[in-house]
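**Student:** Quick one: sequence plus predicted model below, questions after.
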Amino acid sequence: MSPQERKELIEELMTVLKEVPITSHHLTPEEAQWVRLAIEAQAERKALRQAIIEKSLAGFVWFCICGVGYVFVDFLKTHGLRF
């Protein structure tokens, strides 16, 4: 493509783009409300998911602590200590 052809192509594209009406797509109040509610619901789901993960990890840690305690007590019982 020669520089002249390129220039003509750019000029044609500019004229066509100027003729195309620019419409802005604003949300209706109902659509805006729906979007806000969807964002809030997503935030709540994220918070719930994070809480479940935190509680699961805390439960696992307590399980490990209790398991180690049980093994320790069992060890002491088998080696002569009476409770």
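**Tutor:** Received the coordinates, thanks. Predicted model, so just to flag it, every value in this text is computed and none were measured.

**Student:** Spit out the contact partners of residue 5.
**Tutor:** Taking Cβ atoms under 8 Å, 6 or more residues apart in numbering as the contact definition, residue 5 lies against nothing. C-beta coordinates here come from the backbone N, C-alpha and C atoms, glycine included.

**Student:** Tell me the backbone dihedrals of it, please.
**Tutor:** Phi and psi for residue 5, reported as degrees, to the nearest 10, are phi -60, psi -40.

**Student:** What does the pLDDT read for the residue nearest in space to the middle of the chain?
**Tutor:** By Cα atoms, centre = their mean, the mean C-alpha position of the chain lies nearest to residue 46, the distance being 6.7 Å. As predicted, residue 46 sits at a pLDDT of 97.

**Student:** what's the distance between it and residue 53?
**Tutor:** Plainly put, residue 46 is 11 Å away from residue 53 if you go by Cβ to Cβ, to the nearest Å.

**Student:** try residue 13
**Tutor:** Using Cβ to Cβ, residue 13 is found at 52 Å from residue 53.

**Student:** Check residue 69 too.
**Tutor:** Separation of residue 69 from residue 53 (Cβ to Cβ) stands at 25 Å.

**Student:** can you check residue 61 too?
**Tutor:** 13 Å.

**Student:** go on, residue 60?
**Tutor:** Residue 60 sits 11 Å away from residue 53, going by Cβ to Cβ.

**Student:** and what of residue 79?
**Tutor:** 39 Å.

**Student:** if you count what's nearby, which of those two comes out ahead?
**Tutor:** Counted by other Cβ atoms under 10 Å, residue 79 and residue 53 do not tie: residue 53 has more neighbours, with 10 against 7.
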